[in-house]
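Student: below are the sequence and a predicted model; questions follow.
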Amino acid sequence: MKIKPFNWGDRVKHFTPLKVVNYLVVHHTESHDVPATEIDQWHKNRGWLGIGYHFLIRADGSLEQGRPENVVGAHTLNYNSQAIGICLTGKFMESKPTTAQMDALEELLTALRGRHQQATIVRHRDLQATSCPGDLFPRQELQDRLNRPADDVGIIVGNKRFSGKLIEGQTWIPLRAVLEALGHKVTWDGIARKVTVE
(Lines give C-alpha, C1' and ligand atoms only; values in the text may rest on other atoms or scores of the structure.)
Protein backbone atom coordinates (compact mmCIF):
# COMPACT_ATOMS: atom_id res chain seq x y z
CA MET A 1 0.00 0.00 0.00
CA LYS A 2 1.66 3.18 -1.21
CA ILE A 3 0.84 6.39 0.67
CA LYS A 4 1.94 9.78 -0.62
CA PRO A 5 3.63 11.59 2.29
CA PHE A 6 2.62 15.05 3.49
CA ASN A 7 5.22 17.72 4.29
CA TRP A 8 4.33 19.31 7.62
CA GLY A 9 7.56 21.23 8.08
CA ASP A 10 7.87 22.95 11.46
CA ARG A 11 4.20 22.39 12.29
CA VAL A 12 5.00 18.86 13.52
CA LYS A 13 6.26 20.24 16.84
CA HIS A 14 2.73 21.43 17.67
CA PHE A 15 1.10 18.00 17.45
CA THR A 16 -0.25 16.12 20.46
CA PRO A 17 0.57 12.39 20.58
CA LEU A 18 -2.35 10.03 19.95
CA LYS A 19 -2.17 7.62 22.89
CA VAL A 20 -5.11 5.32 22.15
CA VAL A 21 -7.12 4.51 19.02
CA ASN A 22 -10.68 3.40 19.79
CA TYR A 23 -12.22 4.51 16.48
CA LEU A 24 -11.37 4.51 12.80
CA VAL A 25 -13.70 7.22 11.46
CA VAL A 26 -14.73 7.39 7.78
CA HIS A 27 -15.52 10.83 6.29
CA HIS A 28 -16.10 12.40 2.87
CA THR A 29 -14.86 15.79 1.70
CA GLU A 30 -18.28 16.82 0.36
CA SER A 31 -16.37 18.32 -2.55
CA HIS A 32 -14.79 17.44 -5.87
CA ASP A 33 -11.62 15.33 -5.93
CA VAL A 34 -8.92 17.41 -4.21
CA PRO A 35 -5.41 16.71 -2.89
CA ALA A 36 -4.44 16.75 0.79
CA THR A 37 -2.64 20.06 0.24
CA GLU A 38 -5.92 21.77 -0.70
CA ILE A 39 -7.75 20.36 2.33
CA ASP A 40 -4.79 21.50 4.43
CA GLN A 41 -5.44 25.06 3.26
CA TRP A 42 -9.18 24.77 3.97
CA HIS A 43 -8.47 23.61 7.51
CA LYS A 44 -5.82 26.29 8.11
CA ASN A 45 -8.41 28.85 7.02
CA ARG A 46 -10.57 27.56 9.90
CA GLY A 47 -7.75 28.32 12.31
CA TRP A 48 -6.61 24.71 12.63
CA LEU A 49 -3.00 23.54 12.46
CA GLY A 50 -3.72 22.02 9.05
CA ILE A 51 -5.46 19.04 7.49
CA GLY A 52 -7.30 17.24 10.26
CA TYR A 53 -7.64 13.81 8.62
CA HIS A 54 -4.91 11.22 8.95
CA PHE A 55 -5.51 9.70 5.51
CA LEU A 56 -7.11 10.90 2.28
CA ILE A 57 -8.37 8.54 -0.44
CA ARG A 58 -8.62 10.15 -3.86
CA ALA A 59 -11.13 9.21 -6.59
CA ASP A 60 -8.54 7.07 -8.37
CA GLY A 61 -7.88 5.10 -5.17
CA SER A 62 -4.53 6.72 -4.43
CA LEU A 63 -3.74 7.32 -0.77
CA GLU A 64 -2.33 10.53 0.68
CA GLN A 65 -1.11 11.10 4.22
CA GLY A 66 -2.66 13.89 6.22
CA ARG A 67 -1.75 14.03 9.91
CA PRO A 68 0.79 11.46 11.03
CA GLU A 69 -1.00 8.36 12.32
CA ASN A 70 0.45 8.77 15.83
CA VAL A 71 -0.87 12.29 16.54
CA VAL A 72 -4.29 13.71 17.40
CA GLY A 73 -6.31 14.77 14.38
CA ALA A 74 -9.07 17.33 13.85
CA HIS A 75 -12.00 15.55 12.21
CA THR A 76 -14.56 14.35 14.80
CA LEU A 77 -15.37 16.72 17.65
CA ASN A 78 -14.97 15.13 21.11
CA TYR A 79 -13.37 11.98 19.63
CA ASN A 80 -10.15 13.30 18.09
CA SER A 81 -8.02 12.17 21.04
CA GLN A 82 -9.00 8.56 20.42
CA ALA A 83 -9.60 8.31 16.68
CA ILE A 84 -7.94 8.10 13.30
CA GLY A 85 -9.74 10.02 10.55
CA ILE A 86 -9.94 8.61 7.02
CA CYS A 87 -11.50 10.84 4.37
CA LEU A 88 -12.62 9.96 0.84
CA THR A 89 -12.89 12.73 -1.72
CA GLY A 90 -16.38 13.16 -3.14
CA LYS A 91 -19.96 14.15 -2.37
CA PHE A 92 -21.67 10.95 -1.24
CA MET A 93 -25.06 12.59 -0.91
CA GLU A 94 -24.94 12.78 -4.73
CA SER A 95 -22.89 9.77 -5.84
CA LYS A 96 -21.15 6.70 -4.46
CA PRO A 97 -17.42 6.36 -3.88
CA THR A 98 -15.51 4.88 -6.79
CA THR A 99 -14.61 1.19 -6.79
CA ALA A 100 -10.96 2.23 -6.53
CA GLN A 101 -11.75 4.25 -3.39
CA MET A 102 -13.58 1.32 -1.79
CA ASP A 103 -10.68 -1.01 -2.63
CA ALA A 104 -8.20 1.41 -1.08
CA LEU A 105 -10.42 1.96 1.96
CA GLU A 106 -10.69 -1.79 2.50
CA GLU A 107 -6.92 -2.20 2.27
CA LEU A 108 -6.22 0.76 4.57
CA LEU A 109 -8.78 -0.26 7.21
CA THR A 110 -7.48 -3.83 7.19
CA ALA A 111 -3.95 -2.54 7.84
CA LEU A 112 -5.13 -0.12 10.55
CA ARG A 113 -7.17 -2.83 12.28
CA GLY A 114 -4.02 -4.92 12.38
CA ARG A 115 -2.25 -2.15 14.30
CA HIS A 116 -5.24 -1.01 16.39
CA GLN A 117 -7.19 -4.19 17.08
CA GLN A 118 -9.46 -2.62 19.69
CA ALA A 119 -10.64 0.09 17.27
CA THR A 120 -14.20 0.17 15.95
CA ILE A 121 -14.78 1.26 12.36
CA VAL A 122 -17.49 3.94 12.23
CA ARG A 123 -18.83 6.63 9.97
CA HIS A 124 -18.59 10.25 11.14
CA ARG A 125 -22.39 10.28 11.44
CA ASP A 126 -22.26 7.37 13.91
CA LEU A 127 -20.54 9.65 16.43
CA GLN A 128 -22.07 13.06 15.67
CA ALA A 129 -25.19 14.68 14.23
CA THR A 130 -23.97 14.97 10.63
CA SER A 131 -24.74 13.41 7.26
CA CYS A 132 -21.04 12.58 6.70
CA PRO A 133 -19.98 10.48 4.81
CA GLY A 134 -23.27 10.84 2.94
CA ASP A 135 -26.35 8.68 2.38
CA LEU A 136 -24.81 6.95 -0.65
CA PHE A 137 -21.71 5.75 1.18
CA PRO A 138 -22.04 1.93 0.91
CA ARG A 139 -21.79 0.97 4.57
CA GLN A 140 -23.01 -2.60 4.07
CA GLU A 141 -20.59 -3.18 1.20
CA LEU A 142 -17.72 -2.02 3.40
CA GLN A 143 -18.83 -4.33 6.22
CA ASP A 144 -19.11 -7.25 3.80
CA ARG A 145 -15.64 -6.55 2.41
CA LEU A 146 -14.11 -6.35 5.89
CA ASN A 147 -15.90 -9.49 7.09
CA ARG A 148 -14.77 -11.70 4.22
CA PRO A 149 -13.02 -14.87 5.30
CA ALA A 150 -9.31 -14.30 5.80
CA ASP A 151 -8.46 -16.68 2.96
CA ASP A 152 -10.17 -14.47 0.35
CA VAL A 153 -7.67 -12.34 -1.56
CA GLY A 154 -8.56 -9.39 -3.80
CA ILE A 155 -6.49 -8.96 -6.94
CA ILE A 156 -6.77 -5.59 -8.70
CA VAL A 157 -5.74 -5.30 -12.35
CA GLY A 158 -6.37 -1.83 -13.77
CA ASN A 159 -9.93 -1.10 -12.71
CA LYS A 160 -10.98 -4.77 -12.51
CA ARG A 161 -11.11 -6.79 -9.31
CA PHE A 162 -10.65 -10.55 -9.16
CA SER A 163 -11.04 -12.90 -6.22
CA GLY A 164 -8.33 -15.33 -5.24
CA LYS A 165 -7.66 -17.63 -2.32
CA LEU A 166 -4.88 -17.87 0.20
CA ILE A 167 -4.14 -21.57 0.63
CA GLU A 168 -1.30 -22.73 2.88
CA GLY A 169 0.51 -19.43 2.56
CA GLN A 170 0.24 -19.23 -1.25
CA THR A 171 -2.09 -16.98 -3.23
CA TRP A 172 -4.12 -18.78 -5.91
CA ILE A 173 -5.57 -16.50 -8.56
CA PRO A 174 -7.77 -16.88 -11.66
CA LEU A 175 -4.71 -16.76 -13.92
CA ARG A 176 -6.51 -16.73 -17.28
CA ALA A 177 -8.84 -13.88 -16.29
CA VAL A 178 -5.97 -11.82 -14.85
CA LEU A 179 -3.75 -12.37 -17.91
CA GLU A 180 -6.58 -11.48 -20.29
CA ALA A 181 -7.25 -8.31 -18.25
CA LEU A 182 -3.60 -7.45 -18.84
CA GLY A 183 -4.16 -7.81 -22.60
CA HIS A 184 -2.68 -11.26 -23.16
CA LYS A 185 -4.20 -14.03 -25.27
CA VAL A 186 -4.40 -17.29 -23.31
CA THR A 187 -4.99 -20.66 -24.98
CA TRP A 188 -5.28 -24.13 -23.45
CA ASP A 189 -4.14 -27.28 -25.22
CA GLY A 190 -6.06 -30.07 -23.53
CA ILE A 191 -4.11 -32.86 -25.26
CA ALA A 192 -0.67 -31.54 -24.41
CA ARG A 193 -2.04 -30.10 -21.15
CA LYS A 194 -0.27 -26.82 -21.88
CA VAL A 195 -1.23 -23.15 -21.43
CA THR A 196 0.15 -20.66 -23.95
CA VAL A 197 0.26 -16.94 -23.14
CA GLU A 198 0.81 -14.47 -25.99
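Tutor: Perfect, thanks for sending it.
Student: and the longest helix seen in the chain, what's its mean pLDDT?
Tutor: Scanning the chain for the helix with the most residues, using DSSP state H, yields helix 99-115. Averaging pLDDT along helix 99-115 yields 93.
Student: mind checking how far that helix is from the chain centre?
Tutor: Offset of helix 99-115 from its chain centre (C-alpha atoms, centre = their mean, to the nearest Å): 4 Å.
Student: how about stretch 184-194?
Tutor: Its chain's C-alpha centre lies 38 Å from the corresponding centre of stretch 184-194 when counted by C-alpha atoms, centre = their mean.
Student: next one: stretch 117-129
Tutor: Its chain's average C-alpha position is 15 Å from that of stretch 117-129, according to C-alpha atoms, centre = their mean.
Student: list the buried ones in that stretch?
Tutor: 119, 121, 122, 123, 124, 125, 127 (16 or more other C-beta atoms under 10 Å). Glycine gets a C-beta too; all of them are placed from N, C-alpha and C.
Student: cool, stretch 105-114 as well?
Tutor: Residues 105, 106, 107, 108, 109, 112 are the ones in stretch 105-114 that count as buried (16+ other C-beta under 10 Å).
Student: could you work out the most separated pair of the buried residues of stretch 117-129?
Tutor: 119 and 125 (17.5 Å; C-beta to C-beta).
Student: what about residue 155, helix or strand, and which?
Tutor: Per DSSP states H and E: residue 155 is located in strand 152-157.
Student: partners of the helix or strand just after that strand in the sheet?
Tutor: Proceeding C-terminally, strand 152-157 gives way to strand 160-167 as the next helix or strand, assigned by DSSP H and E. Strand 160-167 pairs in its sheet with strand 152-157 (antiparallel), strand 170-172 (antiparallel), by DSSP bridges.
Student: got the angle for strand 160-167 vs helix 99-115?
Tutor: Here strand 160-167 runs at an angle of 30 degrees relative to helix 99-115 (axes from the mean of the first three to the mean of the last three C-alpha atoms, to 10 degrees).
Student: quick check: buried residues in strand 160-167?
Tutor: By neighbour count on 16+ other C-beta under 10 Å, the buried set for strand 160-167 is residue 164.
Student: gap between that strand and the chain center?
Tutor: 18 Å.
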